[in-house]
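Participant: here you go, sequence then predicted model.
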Amino acid sequence: MRTLARRVMLLAPAAAVVSCRSPNPALFTLAPVPGVARPGGPRVVLLHQIALARYLERPEIVRSSENYRLDVLANEIWGEPLGPMFGRVLAEDLAQRLPGTTVLSSNGAISAPEDATVEVNLQRMDVDATGALAFAAQAAVEFTKAHAPPVTRTISTSVPVAGPNTAEMVRAMSIATGRLADMVAEVLRSPRTGRKGGSA
């Protein structure tokens, strides 16, 4: 009987550790979204590191910033830092939309003389009070080898979220990133006609 009691006492701390252990976090990633592919872009485009709104600079996915508070999904996190991941997916989106254009990242291992540079400020990417994905960003395009002024554009768009789970929200984020790529690709194809401002 004493032996059994001793075994129970020895196993109790281990059981307590297991019960206190949180489940493995769910990892998510943005994905490229195909758009209309049209030639006519610069030969080489350099995409600078993405500047994120500070509230997005965290491994956990921010579900909402409505009503003066952040709703953060504590156990559902990005599979890589959001800034580099957003830049990687945006580069893939741009390359698909601009056949014949090589899109390089400023923090990548490959470099080449660029014909244009792109800078992006990601200002908002979370669910609003209506349940839709609210997305806002600024983009600046500068043509290094063409006699054309820099072009700045702003996008503010809303994407319906198909369901309550996080995967559907991340899918909406990917669609919004594709819309940003549509806007930037349009400017890159038309260095002399790109107009400042705009929304989607």
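Facilitator: That came through, no problem. Numbers count the residues shown, from 1 in each chain.

Participant: okay, now L27: neighbour count?
Facilitator: For L27, the neighbour count with other C-beta atoms under 10 Å is 11. Yep, even glycine has a C-beta here, placed from its N, CA and C like the rest.

Participant: with E60 instead?
Facilitator: 14.

Participant: oh, and call the first residue 743 from now on, that's how I've got it
Facilitator: Taking 743 as the first residue, the last one we looked at is E802.

Participant: look up how far R839 lies from it.
Facilitator: E802 is 31 Å from R839, where distance means C-beta to C-beta, to the nearest Å.

Participant: check contacts around the residue nearest to the spatial centre of the chain.
Facilitator: Centroid-nearest residue in the chain: F828, 3.2 Å away (criterion: C-alpha atoms, centre = their mean). By C-beta atoms under 8 Å, 6 or more residues apart in numbering, the contact list for F828 reads L772, I792, L794, L864, T919.

Participant: if you set the cut-off to 10 Å instead, what comes out?
Facilitator: By C-beta atoms under 10 Å, 6 or more residues apart in numbering, the residues touching F828 are 772, 791-792, 794, 798, 820, 822, 862, 864, 867, 879, 915, 919, 922.

Participant: just the buried residues of the residues you listed.
Facilitator: L772, I792, L794, L798, W820, V862, L864, M867, A879, M915, T919, L922 (16 or more other C-beta atoms under 10 Å).

Participant: narrow those residues to those in helices?
Facilitator: If you go by DSSP state H, the buried ones among the contacts of F828 have M915, T919, L922 in helices.

Participant: now do the helices in this structure.
Facilitator: 744-762, 824-839, 908-931.

Participant: mean pLDDT lowest for which of those?
Facilitator: Comparing mean pLDDT across the helices of the chain, the weakest is helix 744-762, with a mean of 47.

Participant: by pLDDT, give me the weakest of the contacts of F828.
Facilitator: For the contacts of F828, the pLDDT minimum is Q791, 93.

Participant: right, and that one touches G825 too?
Facilitator: Yes: between Q791 and G825 there is a contact under C-beta atoms under 10 Å: 6.5 Å.

Participant: quick check: neighbours shared by the two?
Facilitator: N849, V862.

Participant: circling back to that earlier point, go through the contacts of F828 and say which is closest to P892.
Facilitator: Comparing those against P892 with C-beta to C-beta picks out V862 as the nearest, at 13.7 Å.

Participant: contacts only, for F877.
Facilitator: With C-beta under 10 Å, 6+ apart, F877 has these contacts: 864-868, 870, 897-901, 914-915, 917-919, 921-922, 942.

Participant: and for M827, the neighbour number?
Facilitator: 17.

Participant: how about it, nearest residue that isn't a chain neighbour?
Facilitator: Spatial nearest neighbour of M827, chain neighbours left out: L772 (5.8 Å); criterion: C-beta to C-beta, 6 or more residues apart in numbering.

Participant: same check on G842?
Facilitator: P781 (5.2 Å).
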